[in-house]
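Undergrad: Got a predicted structure here, sequence first:
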Amino acid sequence: MDNIFPWCEEIWTNLLFAKKKNRFPHAILFHGNNGVGKSELAFQLAHYLLCASPTKNEQPCLICKDCVLFSAGTHGDFYNISPEENSKNIGIDQIRNLKIAAHQKPQRNNIKIFVIANANKMTISAANALLKVLEEPPGDSIFILTSERKHFLSPTILSRCHQYQFSSPSDELTEQWLLSDPALVFTKEIIKDATFWSLGSPLLAQKLLKDGVISEYQTCLAPLLAFFSKKESLAFLSKSWQGKSLVNILYVSQVACYYLLKGTWTFDFNKKRVYQWSRKIIDIKKMTATGIALNEALLLDMLLAE
Ligand SMILES: [Zn+2]
């Protein structure tokens with residue numbers, strides 16, 4: 001299990017066991033928080049299932065033609081369905097194409113694999129079309145869906161899928177995993193900080209380290225906590241945040257509110273102020289999610305308004 005994330009090993013073992021017993025499900029749902037490796041495992045599974053001669057320890061061999069084609073992203077029996085460019089949704093046409101492909105013969109092997117990452121992004125008509133495929137699945141097709149929450153999908157789709165829940169690993173396991181990554185050369189303290197900021201998503205912790213944002217987060221956090229605990233004024237906070245990016249400020253604010261309201265930090269703070277702040281973050285995030293270009297300075301003013 002060399003390349004399998006340590007917190008995914010149990011799910012991986014269960015899937016291999018099902019294959020060995022010829023009980024491999026035709027439709028699978030991986031659900032769990034963002035950044036816990038659902039899409040990565042879906043791809044690893046697809047690669048393994050398509051490999052012509054997996055290794056003794058159940059890994060793709062990496063040298064057969066199927067492995068080469070898969071690694072190049074050109075394997076004819078692998079389909080990766082995700083929102084099209086300039087769209088946030090997986091549309092009906094994409095699922096119609098999936099249906100056509102699912103009813104064709106495999107090009108190389110005896111199976112075809114369809115990965116639908118963030119399946120909750122399917123439009124209603126796309127989800128209905130997929131349901132029809134899942135109700136009468138072609139015997140040689142395997143569908144692997146992922147979703148952050150399973151209830152984002154309809155109960156009828158859920159009833160057709162074998163479900164695997166991805167749990168966030170403990171902070172200790174995340175830290176061990178990050179420390180074992182030769183590409184990440186950081187001190188234990190910085191790795192601990194990254195884990196703290198990732199809220200249980202190891203892949204996010206890894207990204208934060210690679211992006212080098214941890215020190216900026218820490219710099220944004222201190223004045224915010226001083227403000228929440230009534231030690232400093234809003235003017236002080238505003239001045240301290242000058243020149244910081246809005247994205248980082250929003251993320252730091254969100255994480256700080258989360259830890260404060262969860263009771264992780266026990267120092268005295270103004271609860272009303274934190275609740276108000278949380279609501280403002282939600283409003284700003286809704287505005288930014290529309291995709292319309294907004295003035296960062298104005299949004300920051302909204303956050304810093306009395
Ligand atoms: Zn292979």
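TA: Structure received.

Undergrad: tell me the pLDDT at the most centrally placed residue in the chain?
TA: In the chain, the residue lying closest to the centroid (CA atoms, centre = their mean) is residue 34, at 2.7 Å. Here the pLDDT value assigned to residue 34 is 93.

Undergrad: and if you look at residue 301?
TA: 89.

Undergrad: roughly how far apart are the closest residue to the ion within the stretch 201-306 of the chain and residue 6?
TA: Closest residue of the stretch 201-306 of the chain to the ion, CB to the ion: residue 203 (25.1 Å). Glycine gets a C-beta too; all of them are placed from N, C-alpha and C. According to CB to CB, to the nearest Å, residue 203 and residue 6 sit 13 Å apart.

Undergrad: When those two are compared, which one has more neighbours?
TA: residue 203 (19 against 14; other CB atoms under 10 Å).

Undergrad: The more buried one is in what secondary structure piece?
TA: Assigned by DSSP states H and E, residue 203 falls within helix 202-211.

Undergrad: list the helices and strands whichever helix or strand comes after that helix packs on?
TA: Per DSSP H and E, the first helix or strand lying C-terminal to helix 202-211 is helix 214-228. Counting contacts by 3 or more CB pairs under 8 Å, 6 or more residues apart in numbering; DSSP states H and E, helix 214-228 packs against helix 188-197, helix 234-240, helix 246-262, helix 271-289.

Undergrad: one more time with 6 Å
TA: Secondary-structure packing of helix 214-228 (3 or more CB pairs under 6 Å, 6 or more residues apart in numbering; DSSP states H and E): helix 188-197, helix 234-240, helix 246-262.

Undergrad: can you give me how far the last one is from the chain middle?
TA: Here the centre of helix 246-262 is set off from its chain's centre by 19 Å, with CA atoms, centre = their mean, to the nearest Å.

Undergrad: Same question for that helix: list its buried residues.
TA: 246, 249-257, 260 (16 or more other CB atoms under 10 Å).

Undergrad: Next: stretch 110-123.
TA: Buried residues in stretch 110-123 (16+ other CB under 10 Å): 111-122.

Undergrad: Columns distance to the ion and mean pLDDT on top of the helices and strands packed on helix 214-228, output as TSV?
TA: As requested, these are arranged in TSV below (distance: least, CB to the ion, whole Å; pLDDT from 0 to 100):
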stretch	distance to the ion	mean pLDDT
helix 188-197	34	96
helix 234-240	54	94
helix 246-262	40	94
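
Undergrad: wouldn't residue 31 be in contact with residue 150 here?
TA: Yes - the criterion here is CB atoms under 6 Å, and residue 31 meets it with residue 150 at 4.3 Å.

Undergrad: of those two, who's got more company?
TA: Neighbours were counted for residue 31 and for residue 150 using other CB under 10 Å; residue 31 has more, 23 against 19.

Undergrad: check contacts around the more buried one.
TA: 147, 150, 165 (CB atoms under 6 Å, 6 or more residues apart in numbering).

Undergrad: give me the low-pLDDT residue ranges for this protein?
TA: Within the chain, the segments meeting pLDDT under 70 span 1-2.

Undergrad: Let's see that with 80 instead.
TA: 1-2, 85-87, 109, 289-294, 306 (pLDDT under 80).

Undergrad: What segments of it are strands?
TA: Counting by DSSP state E, the chain has strands at residues 27-32, 78-81, 112-116, 141-147, 162-166.

Undergrad: Going by neighbour count, list what's buried in the second one.
TA: The neighbour-count check on strand 78-81 (16+ other CB under 10 Å) flags 78-79, 81 as buried.

Undergrad: elements contacting it?
TA: So strand 78-81, by 3+ CB pairs under 6 Å, 6+ apart, packs with strand 112-116.

Undergrad: CA-only coordinates of the strand it packs on in CSV, if you can.
TA: Extracted in CSV, the C-alpha atoms of strand 112-116 (Å, rounded to 0.1, in the frame of the first residue of the first chain):
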residue,chain,number,x,y,z
LYS,A,112,-14.6,0.7,-18.2
ILE,A,113,-14.2,3.0,-15.3
PHE,A,114,-16.1,6.3,-14.9
VAL,A,115,-15.0,8.7,-12.1
ILE,A,116,-17.5,11.5,-11.3
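
Undergrad: Name the residues of the stretch 51-200 of the chain found near the ion, please.
TA: 51, 60-61, 64, 67 (CB under 5 Å from the ion).
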